[in-house]
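Asks: Any chance you can model this:
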Amino acid sequence: MTVTMAAALNTALRDAMREDDSVVIYGEDVGTLGGVFRITDGLQAEFGAERCFDSPVSESGIVGTAVGMALYGLRPVVEMQFDGFSYPALDQVISHVAKYRNRTRGRVGLPMTIRMPYGGGIGAVEHHSESPEAYYSHTAGLTVVSPGTPGDAYSLLRSALAHPDPVVFLEPKRRYWMKEEVELPVSGEPIGRALVRRAGATATLIAYGPMVATALEAAEAAVAEGWDVEVIDVRTLTPLDLDTLAASATKTGRAVVVHEAPRFAGYGAEIAAALTERVFGHLAAPVLRVTGFDLPYPPAKIEHHFLPGVDRILDAVARALEY
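Replies: Residues are numbered from 1 along each chain as shown. Take a look at the predicted model:
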């Protein structure tokens, strides 16, 4: 069947709620409306307002109450309506959500999922197109996931909902309407495993979430240049599957990391450093980065200049090949 990422996410939530009565979904407008992007569409009608309901406009309150629900025995799934809206809840996430397993010496986990539409490319206004993955990946105690395909959106979300500890689930909003031929339910690679989306030998492109499709487009365009480019989908930002990334970089000798977030202290810097430490002797060029710029997310009319595209990615591959 042909499914969009939005439909795959909705199906994953629905299937989990059918199988486990402890799964509870709430957030701003997720109940009656079905969410801004309709990811929770129809869930309140099927499961009732006690299991899928609207919350006040208070992200700190949303996450804070989820901590209590998880301690009580539920599996809360909360939505931060947009990436830029999640920051008021950072104190709860960093001080409580991420710390409970360690604080209790391993005795108490928090089986909760924080869903978050993130990234640009939809022509939105300020605070609606940000990429906060580095904040969450840097916070020890969190698992951070970002699917790049509809099939992965389903399988990774199901894995997140079953996880014994908190998961920040970053949904690339520009890919909600991306389509894939896949039969649901689908069981993909588990959390913590990266995937080779396209095999190649000339250079390695490393991407996650919204940039996976862009990296694949660049790899196809690279054929005209005579380049055979491999594409790795990170899938899980924390914990990072460095083995898969290192194996690819060792094979090709060149690696380029692609993400939407600003360059300085971005998630790509960690990948570049880790690869340099692991496979420096096998690299024919420095690990390069293609990213957003080091400034606040721009107005919608010029966001196409900010977001990495095929041309910028191919330019980085060319620079890597010049070494």
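Asks: all strands of this protein, in order?
Replies: In the chain, the segments counted as strands under DSSP state E are 2-4, 23-27, 52-54, 75-79, 113-118, 143-145, 167-172, 179-181, 195-198, 203-207, 229-233, 236-238, 255-262, 288-292.
Asks: Below-threshold pLDDT in the stretch 51-200 of the chain: ranges please.
Replies: Across the stretch 51-200 of the chain, nothing is flagged by pLDDT under 70.
Asks: what about the helices in it?
Replies: Secondary structure of the stretch 51-200 of the chain (DSSP state H, counting those that start in this stretch): helices at 59-72, 90-92, 100-103, 133-137, 150-162.
Asks: Mind giving me the packing neighbours of the shortest one?
Replies: Helix 90-92 is packed against helix 59-72, with contacts defined by 3 or more CB pairs under 8 Å, 6 or more residues apart in numbering; DSSP states H and E. Yep, even glycine has a C-beta here, placed from its N, CA and C like the rest.
Asks: now the angle from the helix it packs on to strand 113-118?
Replies: 150 degrees (axes from the mean of the first three to the mean of the last three CA atoms, to 10 degrees).
Asks: For burial, what's the neighbour tally of Gly73?
Replies: Counted with other CB atoms under 10 Å, the neighbours of Gly73 add up to 8.
Asks: Revised request: answer the last question for Gly119.
Replies: Using other CB under 10 Å, the number of residues around Gly119 comes to 28.
Asks: Tell me who's in contact with it.
Replies: The neighbours of Gly119, taking CB atoms under 8 Å, 6 or more residues apart in numbering as the test, are Asp83, Ser129, Glu130, Ser131, Leu170, Pro172, Lys173, Arg174, Gly209, Pro210, Glu260.
Asks: ok, what's across the strand from Val3?
Replies: Per DSSP bridges, the residues bridged to Val3 are Glu180.
Asks: Check the gap between it and His163 for me.
Replies: 23 Å (CB to CB, to the nearest Å).
Asks: Tell me which of the two has more neighbours.
Replies: Val3 (22 against 19).
Asks: Would you check that the more buried one makes contact with Lys179?
Replies: Yes - counting by CB atoms under 8 Å, Val3 touches Lys179, with 6.9 Å between them.
Asks: Ala213 against Arg175, yeah?
Replies: Yes - using CB under 8 Å, Ala213 is in contact with Arg175, at 6.5 Å.
Asks: hey, what's in contact with both of those two?
Replies: Gly148.
Asks: If you count surrounding residues, which of those two has more?
Replies: Neighbour totals were compared for Ala213 and Arg175, and Arg175 leads with 24 against 19 (other CB under 10 Å).
Asks: check contacts around the more buried one.
Replies: Met5, Gly148, Gly209, Pro210, Ala213.
Asks: still on that earlier bit, columns distance to Val67 on top of the strands of the chain, output as TSV?
Replies: As requested, those are exported to TSV (distance: least, CB to CB, whole Å):
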stretch	distance to Val67
strand 2-4	32
strand 23-27	13
strand 52-54	17
strand 75-79	9
strand 113-118	11
strand 143-145	16
strand 167-172	14
strand 179-181	35
strand 195-198	32
strand 203-207	32
strand 229-233	31
strand 236-238	19
strand 255-262	27
strand 288-292	32
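Asks: among these, which is the most enclosed?
Replies: Comparing these by mean neighbour count (mean count of other CB atoms under 10 Å), strand 203-207 ranks first with a mean of 29.
Asks: Each with direction, which strands does it pair with?
Replies: The pairing partners recorded for strand 203-207 under DSSP bridges are strand 229-233 (parallel), strand 255-262 (parallel).
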